[in-house]
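Asker: Provide a 3D model corresponding to the input given below.
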Amino acid sequence: MGFMPFSKQFGFVFVPTTGTDAATLSRTIAHEVAHGTFNLRHTFSPENPYNLPQGITDNLMDYPSTSSGQATALFKYQWDLIHNPERVWFSWLKEEEEAAIGGSWTILDNKHTLLFNHVYENNREGNLKYLDKIAQALTQNPQEGSIDLDYAETKEREWITQWKLRTASSDQILERIIKKIQKATGGNKIEKLNLKSKGIYIGKYKIDDVEYPIAIYSEKDVIDNLTKVEVTEVSELEKEENKKRIRAEETFIKYMVIAFYEDNNPEPVLMMQIEKFDISRLQNTKEKWLEFLGIVKEKEILEPNNNEDIRGKKINAALEEMKQYLGYPYKFGGGTSRTSLDEKGTAEMDCSEFMSRFIQKVCGLEKVPEYTTALMKNWIENKKYGDDNLEYLKGSKDKKFKDIQPGDVFLWRTESGGHTGVVVSYNSTTDLVTVMEAIGENGSCEEALSKNVTGYCKNCIRISVYTRTGASLATHKGWIGYFRPKIK
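Answerer: You can find the predicted model right below:
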């Protein structure tokens, strides 16, 4: 066992006189140094940006379920903290301040992060306090133009309290600002915006079926010198020439901010803060909004003949079609007909039948193939590595494998049975894999991760969330790896 306080020079490791192997001792030292030197929290800590149940990962900052010294992996966000520790607040905030901030990243700079965090805590799903406050103020005085923030902290208080909640019809103003950003084309000016200096316009904005709590911040009364940036990939926004005009940053799970800059002005003049629903709605909120605003242009518009884009469309269409079976009952061995396409055939399925029906749709097959986990395992053992519809991804058995794409099929198989399902998405930041699968009444080895997913159930077809290297995937007994559909 060991102990090392955050941001301290000294730690302690207590070694029993017998029974401690070198691997366990090395891991304990690394674990404590990660606390003290790099301010890493336990994966199961409530103050961790995204906490996981204790003992389900092979992460260095978890308490493994066994005494093995092999739990030494790190998630990408932990590597980011190690390489750039000044971006986190853990280093200099006290415990109570950290709890208020929620362990979030620094967005733009310190003062803006404090402002964003405060507004988020009062304008998010489940707590729209500031919207209610505006409505109450207008009831008492319909002419009220602005309202003070309820900011009680001392840090940056003078600057933050200059900002006021605007009582004007925020939904209409949000719509007008968004339309002007969308209308502008890359390299050209965004149409003039007439707002209020240090004004915060809050409301809700709906895209597709998701309603996002949103806040727009205006640094000036008149904003008329913004140049629209357009890119084809989110990563292109990190180029220096683009960062002079726009920055898109996000906390781990709470919100994202898109900040717009005038030429030769290091301070943002217009900022959009949007609540994230990456986990609960299975989406990439940052990418979705950047595309919605026309900042990231969809590939099919710019590259209509791109084969990868056609492949992506087919996979997304098949995944959407398979969602019709969510909530359907699971039946070991499959339903009455594993290959028929009528309602009787799809009334109940096991994991391999569900996966086979996905392959039928994504590959455009006339019939449903009769795949089983035993058959797929035999492919590997006989060095066949697939068939006309599925190709085994060599190297995917390794825990380091990360080339996981929507539509990929995962597989583990032991002597007593096996399991398979279809990948919906892989988040390289959280190292979480979202899958669609038919699963029995016992659930998975990482059941806690899926309980907040809409439509959660057992003994059914559902969407599940697993850690890439966790006990449900890469460290499950009999793990084989991933297959990829051959789409013609």
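
Asker: Low-confidence regions, the stretch 251-400 of the chain specifically.
Answerer: 278-282, 298-308, 335 (pLDDT under 70).

Asker: Do a quick rundown of the strands in it.
Answerer: 255-260, 270-275, 390-392 (DSSP state E, counting those that start in this stretch).

Asker: would JSON lines of these with mean neighbour count be doable?
Answerer: For every residue, glycine as well, the C-beta is placed using N, CA and C. Listed next are the strands of the stretch 251-400 of the chain as JSON lines, based on neighbours: other Cβ atoms under 10 Å:
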{"stretch": "strand 255-260", "mean neighbour count": "23"}
{"stretch": "strand 270-275", "mean neighbour count": "22"}
{"stretch": "strand 390-392", "mean neighbour count": "19"}
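
Asker: Dump these to JSON lines, plus distance to residue 341.
Answerer: Below are those laid out as JSON lines (distance: least, Cβ to Cβ, whole Å):
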{"stretch": "strand 255-260", "distance to residue 341": "42"}
{"stretch": "strand 270-275", "distance to residue 341": "41"}
{"stretch": "strand 390-392", "distance to residue 341": "20"}
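
Asker: and of these, who's closest to residue 324?
Answerer: With Cβ to Cβ as the measure, strand 390-392 is the member of the strands of the stretch 251-400 of the chain nearest residue 324 (22.4 Å).

Asker: Where does residue 248 fall, secondary structure wise?
Answerer: strand 246-250 (DSSP states H and E).

Asker: what's the closest non-adjacent residue to residue 450?
Answerer: residue 464 (4.4 Å; Cβ to Cβ, 6 or more residues apart in numbering).

Asker: OK, contacts around the one you found?
Answerer: 421, 434-437, 439, 444, 449-450, 453, 472 (Cβ atoms under 8 Å, 6 or more residues apart in numbering).

Asker: what secondary structure does it sit in?
Answerer: Under the three-state scheme (DSSP: H, G, I helix; E, B strand; the rest coil), residue 464 adopts strand.

Asker: Quick check: the gap between it and residue 309.
Answerer: 27 Å (Cβ to Cβ, to the nearest Å).

Asker: Looking at pLDDT only, which of the contacts of residue 464 scores worst?
Answerer: The member of the contacts of residue 464 with the lowest pLDDT is residue 453, at 86.

Asker: residues contacting the nearest residue to it once chain neighbours are set aside?
Answerer: Nearest in space to residue 453, with sequence neighbours left out and distances taken as Cβ to Cβ, 6+ apart, is residue 463 at 5.3 Å. If you count contacts by Cβ under 8 Å, 6+ apart, residue 463 has them with 282, 326, 424, 434-436, 450, 453-455.

Asker: Quick check: strands, which of these are part of them?
Answerer: 424, 434-436 (DSSP state E).

Asker: who wins for neighbours among those residues?
Answerer: Of all the ones in strands among the contacts of residue 463, the most densely surrounded is residue 435 (25 neighbours; neighbours counted as other Cβ atoms under 10 Å).

Asker: Now it. Nearest residue, chain neighbours left out?
Answerer: Nearest non-adjacent residue to residue 435 (Cβ to Cβ, 6+ apart): residue 421, at 4.5 Å.

Asker: Output whatever helix or strand that neighbour lives in as PDB - backbone C-alpha positions only.
Answerer: Taking DSSP H and E as the criterion, residue 421 maps to strand 418-427. The C-alpha atoms that make up strand 418-427 are tabulated as PDB, following Å, rounded to 0.1, in the frame of the first residue of the first chain:
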ATOM      1  CA  GLY A 418     -19.100 -16.900 -26.700                       C
ATOM      2  CA  HIS A 419     -20.400 -13.400 -27.400                       C
ATOM      3  CA  THR A 420     -20.400 -10.900 -30.300                       C
ATOM      4  CA  GLY A 421     -21.900  -7.600 -31.100                       C
ATOM      5  CA  VAL A 422     -21.600  -4.500 -33.400                       C
ATOM      6  CA  VAL A 423     -19.600  -1.400 -32.600                       C
ATOM      7  CA  VAL A 424     -21.600   1.900 -32.800                       C
ATOM      8  CA  SER A 425     -18.700   4.200 -31.900                       C
ATOM      9  CA  TYR A 426     -15.300   4.400 -30.200                       C
ATOM     10  CA  ASN A 427     -14.300   7.500 -28.200                       C
END
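
Asker: domains of the chain?
Answerer: Here the domain parsing of the chain from automatic domain parsing is 2-94, 104-297, 308-485.

Asker: and residue 116, that one's in a strand?
Answerer: No - assessed with three-state DSSP, residue 116 is helix; it does not lie in a strand.

Asker: I figured it hits residue 273, correct?
Answerer: Yes - because the distance of 5.5 Å satisfies Cβ atoms under 8 Å, residue 116 is recorded as touching residue 273.

Asker: Tell me who's in contact with residue 250.
Answerer: 105, 107, 256-257, 276, 285-286.

Asker: mind running it again at 7 Å?
Answerer: Contacts of residue 250 were listed using Cβ atoms under 7 Å, 6 or more residues apart in numbering, and they are 256, 276, 286.

Asker: okay, those in CSV with distance to residue 315 next?
Answerer: Output for these, formatted as CSV (distance: Cβ to Cβ, whole Å):
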residue, distance to residue 315
256, 25
276, 24
286, 21
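
Asker: just those now: which is nearest residue 318?
Answerer: Nearest to residue 318 out of the contacts of residue 250 is residue 286 (Cβ to Cβ; 25.0 Å).

Asker: Distance check, that closest one against residue 258.
Answerer: 9 Å.

Asker: Need the residues touching each of the two.
Answerer: Contacts common to residue 286 and residue 258, judged by Cβ under 7 Å, 6+ apart, are residue 248.

Asker: Report the residue spans of the stretch 101-250 of the chain with pLDDT below the cut-off.
Answerer: In the predicted model, the stretch 101-250 of the chain carries pLDDT under 70 at residues 101-105, 169-170.

Asker: Tell me where it has strands.
Answerer: Under DSSP E, counting those that start in this stretch, the stretch 101-250 of the chain gives strands at 146-148, 164-166, 193-194, 199-207, 210-218, 222-223, 246-250.

Asker: So what are the sheet partners of the second one and their directions?
Answerer: This points to strand 164-166. Here strand 164-166 is paired, per DSSP bridges, with strand 146-148 (antiparallel), strand 199-207 (parallel).

Asker: Give me the contact list for it.
Answerer: 130, 134, 146-149, 196, 198-202.

Asker: likewise the fourth one?
Answerer: Residues from elsewhere that reach strand 199-207 (Cβ under 7 Å, 6+ apart): 119, 123, 130-131, 163-166, 170-171, 173-174, 211-218, 288, 292.
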